[in-house]
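Student: okay, here's the prediction I keep looking at, along with the sequence it came from:
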Amino acid sequence: MINTGKKKHQHVRVVNGKTYAGYRKSKTYKGQKITITAKDAKDWQRKFEERKAEIDSLFPLVADSSKLTVQKLGQEYKTATSPSMKDRSCPSEKTIEERESVFRLRVNPILGNQKIHQLRDPHIFDFYKRVCAQAEALNNSTVLFHTYKVFNAFLNWAVKRQYLITNPTSPNTLENVQAWIAEAKRESKSFELTEQDVTNLLESVSRKPYGITFHVMARSGLRLGEALAVKWEDIDFYAGCINVSRQVQEVAKKVLAGTKKESDASQIVIAPKTKAGIRQSPIQGDTIKLLLQTPVENRTGYLFQTSASTPMYSSAFRQRIFKPVMKAMGLSNVTPHDLRHYCGTDLMASAIKFGTDLEEVKQMMGHSQLSTTLDIYAEARPDHKKRFRMALSNLHTG
């Protein structure tokens, strides 16, 4: 094709000795580059309008999407629902808080001013790469995972809401991000407690009113929020289990603004996030012994509660009780979740040893998928590790 040099976009081409004049021009519409060859400018405009109408019929994007920035659209996404949510009228407070935090701390400082319709894969790759660097600087392995979880869901939501034609994240970028997340997960394994560590710990808090909270985390595998929300009515001494049906959750007041929970306190008691979280967890013998020390007439309300008969804030429990106890035990690196992890690996090792169905371990730990249980507790405690690996190997090969 030869440029005539006379007018912009006018071209001529020679085919089999014949010369053809034409008008060729490219233009971007709704993120798609359109190149059209026509007889003249008027014919090109007609064809371009036809092409626009075709794109609109396939991808009828919101009319003002070209003016929206990532930050502005993120405000709308904060309270957006999805078909997978239990309550489709409003996402959970935890989901809202996670979205707000990710956009405020990670997305907006890097991509906030980027026009949503101009967002491309190089922008997204650079964004994740910078977040990965932030995670390393903070020594926090979960930063990239939560950022990816929220931002990728945001892009898919934008497609469904017709702000984007497709998710601009390329397979190569997704592969890189998932590899970075996996690497961070490998480098940040839970602190491996031994049976002696846990025995000493539970003995040290056995005479404290908060001792039962340590017990239900280490012996029954409850999360901290679940442990603080257990009531006496949830204890089934006859069946030897705890009926887990609620959890304590802290939410910033500003996050609740505009939701059905906006009048609640910043700490709320809600149902577990998934159906699998509603479960029965076993009570060990030493936990039952501790529970029975409480007189029958005092077995009301929460197992461990404040003077106002409310559950303790999880952040207060960590700072005022858990950390000082662990420091005194010489276990400063241990977190509340490490106690749950200890219980999970103990249950898994016992299941392998005695041939118990691993599905029961999954249910006790409140996981939706068995694969999750296996991924998290594939490594047992140091004192059971060798035996566990051999048994698990025999299970998979037998």
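Tutor: Nice, I can see it.

Student: residue contacts, the residue nearest the centre of the chain?
Tutor: Centrality entry for the chain: nearest residue to the mean C-alpha point is residue 146, 5.0 Å, by CA atoms, centre = their mean. Residue 146 makes contact with 98, 102, according to CB atoms under 8 Å, 6 or more residues apart in numbering. No exception for glycine: its C-beta is placed from N, CA and C like everyone else's.

Student: go ahead and name everything in contact with the helix or strand where residue 36 lies.
Tutor: Element membership for residue 36, per DSSP states H and E: strand 32-38. Applying CB under 8 Å, 6+ apart, the contact partners of strand 32-38 are 11, 22-28, 44, 46-48, 51, 55, 165.

Student: what lines up beside it in the sheet?
Tutor: Paired neighbours of strand 32-38 in the sheet (DSSP bridges): strand 18-29 (antiparallel).

Student: now do the buried residues in the strand it pairs with.
Tutor: 22, 23, 25 (16 or more other CB atoms under 10 Å).

Student: next: stretch 315-330.
Tutor: 317, 321, 322, 325, 326.

Student: the third one reaches residue 339, doesn't it?
Tutor: In this case it means residue 322. No - between residue 322 and residue 339 there is no contact under CB atoms under 8 Å: 9.3 Å.

Student: over to the residue nearest to the centre of the chain. Which of the three states is it?
Tutor: Three-state call for residue 146 (DSSP: H, G, I helix; E, B strand; the rest coil): helix.

Student: check the gap between it and residue 338 for me.
Tutor: 20 Å (CB to CB, to the nearest Å).

Student: same deal with residue 294?
Tutor: Distance from residue 294 to residue 338, by CB to CB: 27 Å.

Student: so between these two, which is more surrounded?
Tutor: More neighbours surround residue 338 than the other of residue 294 and residue 338, with 20 against 14 (other CB atoms under 10 Å).

Student: check which helix or strand covers the more buried one.
Tutor: Assigned by DSSP H and E, residue 338 falls in helix 336-354.

Student: list the buried residues of that helix.
Tutor: Those would be 336, 338-349, 351-352, for helix 336-354 by 16+ other CB under 10 Å.

Student: tell me where the stretch 201-350 of the chain is predicted with low confidence.
Tutor: Scanning the stretch 201-350 of the chain for pLDDT under 70 picks out the ranges 251-267.

Student: now the helices for it?
Tutor: 211-218, 224-228, 253-256, 285-291, 314-316, 323-328, 336-354 (DSSP state H, counting those that start in this stretch).

Student: work out the gap between the shortest one and the centre of the chain.
Tutor: For helix 314-316, the distance from its own C-alpha centre to the chain's C-alpha centre is 21 Å (CA atoms, centre = their mean, to the nearest Å).

Student: residues touching that helix, excluding its own?
Tutor: Here helix 314-316 has contacts from 224, 225, 228, 248, 249, 250, using CB under 8 Å, 6+ apart.

Student: can you rerun that using 6 Å?
Tutor: 224, 225, 248 (CB atoms under 6 Å, 6 or more residues apart in numbering).

Student: surely the second one touches residue 250?
Tutor: No - between residue 225 and residue 250 there is no contact, the gap being 8.6 Å when judged by CB atoms under 6 Å.

Student: tell me which of the two has more neighbours.
Tutor: residue 225 (22 against 16).

Student: and the gap between the more buried one and residue 127?
Tutor: 31 Å.

Student: where does pLDDT dip in the stretch 51-200 of the chain?
Tutor: 55-66, 81-90, 139, 186-191.

Student: quick one: the strands in it?
Tutor: Counting by DSSP state E, counting those that start in this stretch, the stretch 51-200 of the chain has no strands to list.

Student: distance of residue 69 from residue 209?
Tutor: The value you get for residue 69 to residue 209, if CB to CB is used, is 51 Å.

Student: I meant to write residue 276 there.
Tutor: The value you get for residue 276 to residue 209, if CB to CB is used, is 30 Å.
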